[in-house]
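Student: Fold the following for me, if possible:
(chains A and B)
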There are 2 protein chains.
Amino acid sequence: MEDLYEKTIKEELVYQGDYLTIVNSIVELPNGKQAKRDMIRHPGAVAILAFIDDDKILMVEQFRKPVEKILLEIPAGKINIGEDPLQCAKRELEEETGYKSDSFVYLGKFAPAPGFCDEYIHLFKATKLASGKACFDDDEFINVKIYSIKEIKNMIKEGKIEDAKTMASLIYIS
Amino acid sequence: MEDLYEKTIKEELVYQGDYLTIVNSIVELPNGKQAKRDMIRHPGAVAILAFIDDDKILMVEQFRKPVEKILLEIPAGKINIGEDPLQCAKRELEEETGYKSDSFVYLGKFAPAPGFCDEYIHLFKATKLASGKACFDDDEFINVKIYSIKEIKNMIKEGKIEDAKTMASLIYIS
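Tutor: Reported below is the predicted structural model:
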């Protein structure tokens, strides 16, 4: 196997946002030459397949400014500094949907955009949901929906769901 | 349905990279208050499910600097300015794997990180592959692999595949 590793020669912070950091890095390629890599540092996130019964899950509808569209997605949210992914998943599920659960199972993690961003999304399955009270962040506006897994798969193929983490998460339960 | 739309009040370019642009935007929320949104502008990309027979597809192994790991992914690449996604898919398949095809079918598009990035990945299925010659970009080092869909699904559940676009793409053929 060809060695693929790229060694960091220099790294420079070019932008510090509220939670996104942009780093410009010079790397040494496997052939000894150098290349530039712009990278986004992200705190990581969680996403939740929250089963309301054997077949139906909670979905959230929200406006996504970067794509200027309302998207239908599984509940998800950014990890706070020092927060455990499981605690984050419990918090985000309740904040976004009003449902609580103590039955969380870890399914795995995935990288949404590993070509330019270090974000990992930790995926949980939640069952035995109990109604609580939704408590959105100040700048969050969300509609909660319920769909069966089959309906969600159909909406993906019809182009009505565009969110990759929702698609990726279904592989873990298929 | 609650109106979820966020109107742009102000937008400022904060970083211009080779292909990533960072924009800081002030939006008006549905409740009339204002919020800040950091957003990454991305040129968009393609990904290809390239079937070498009825069951096996081409995968590429490459070092992903943001996550400091070698990842196994379906072939994919950024769209050049003005490039048609289909042309990009044909180009990237040959550049990354050495295989060519004239049998491309469009499966759909998805947004890997719509919370902070406007990237869409256009997904194609390619069949009737013919051997050509791989021709990597100057800064690209890739190993080509072949796996069955079942092997890939197992590797996802075992945590051996972490790339979300590879996971998302499987929903279109399941």
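
Student: Going by C-alpha atoms from here, please, whenever you check contacts or count neighbours.
Tutor: OK.

Student: chain center to the lowest-mean-pLDDT helix or strand in chain A, what's the gap?
Tutor: Lowest mean confidence among the helices and strands of chain A (mean pLDDT, DSSP states H and E): strand A:130-131, at a mean of 92. Centroid displacement of strand A:130-131 relative to its chain, using CA atoms, centre = their mean, to the nearest Å, is 23 Å.

Student: Wasn't A:Gln87 part of a helix?
Tutor: Yes. Counting by DSSP: H, G, I helix; E, B strand; the rest coil, A:Gln87 is found in a helix.

Student: That one and chain B: what is the separation?
Tutor: Shown here: A:Gln87 relative to chain B, a distance of 21 Å by CA to the nearest CA, to the nearest Å.

Student: what's the pLDDT at that residue?
Tutor: Turning to A:Gln87, the model gives it a pLDDT of 98.

Student: what sits against the closest residue to A:Val60 other than its chain neighbours?
Tutor: Nearest residue to A:Val60 in three dimensions, chain neighbours excluded: A:Val144, at 4.6 Å (CA to CA, 6 or more residues apart in numbering or on different chains). Contact partners of A:Val144, counting by CA atoms under 8 Å, 6 or more residues apart in numbering or on different chains, are A:58-61, A:96-97.

Student: Grab the most central residue of chain A for me.
Tutor: Central residue of chain A (CA atoms, centre = their mean): A:Ile121, 4.4 Å from the mean position.

Student: just checking, that residue touches A:His42?
Tutor: No. A:Ile121 lies out of contact with A:His42 (CA atoms under 8 Å); the separation is 10.4 Å.

Student: Which neighbouring elements make contact with the one helix or strand A:Leu71 maps to?
Tutor: Assigned by DSSP states H and E, A:Leu71 belongs to strand A:69-73. On a contact count with 3 or more CA pairs under 8 Å, 6 or more residues apart in numbering or on different chains; DSSP states H and E, strand A:69-73 meets strand A:56-64.

Student: Next, the angle strand A:69-73 makes with the strand it packs on.
Tutor: Inter-element angle recorded for strand A:56-64 and strand A:69-73: 160 degrees (by axes from the mean of the first three to the mean of the last three CA atoms, to 10 degrees).

Student: pLDDT wise, what is the residue nearest to the centre of chain A at?
Tutor: A:Ile121 is given a pLDDT of 98.

Student: That one: what's it in contact with?
Tutor: A:44-47, A:109-112.

Student: could you redo the last one with a cut-off of 10 Å?
Tutor: A:43-48, A:76-79, A:85, A:108-112, A:165, A:169, B:162, B:164 (CA atoms under 10 Å, 6 or more residues apart in numbering or on different chains).

Student: so which of the contacts of A:Val144 is the most crowded?
Tutor: Within these, most neighbours by other CA atoms under 10 Å in any protein chain shown means A:Met59, with 25 neighbours.

Student: just to revisit the earlier point, nearest to B:Asp54, of the contacts of A:Val144?
Tutor: A:Met59 (33.8 Å; CA to CA).

Student: Just to check, that closest one is in contact with A:Tyr147?
Tutor: Yes. Contact status for A:Met59 versus A:Tyr147: in contact at 7.1 Å, counting by CA atoms under 10 Å.

Student: domain assignment for chain A?
Tutor: A:7-41, A:45-172 (automatic domain parsing).

Student: Run through the bridge partners of the residue lying closest to A:Lys78 once chain neighbours are set aside.
Tutor: Spatial nearest neighbour of A:Lys78, excluding adjacent residues (CA to CA, 6+ apart): A:Ala45 at 4.1 Å. Assessed by DSSP bridges, A:Ala45 has beta-bridge partners A:Lys78, A:Ile121.

Student: Check the one 4 residues further on too.
Tutor: With DSSP bridges as the criterion, the beta-bridge partners of A:Leu49 are A:Lys125.

Student: so who does it touch?
Tutor: A:56-59, A:74-76, A:93, A:104-105, A:107, A:123-127, A:166, A:169-170, A:172-173.

Student: re the thing from before, please look at the residue nearest to A:Lys78 and A:Ala89 and confirm they touch.
Tutor: Yes. Counting by CA under 10 Å, A:Ala89 is a contact partner of A:Ala45 at 8.7 Å.
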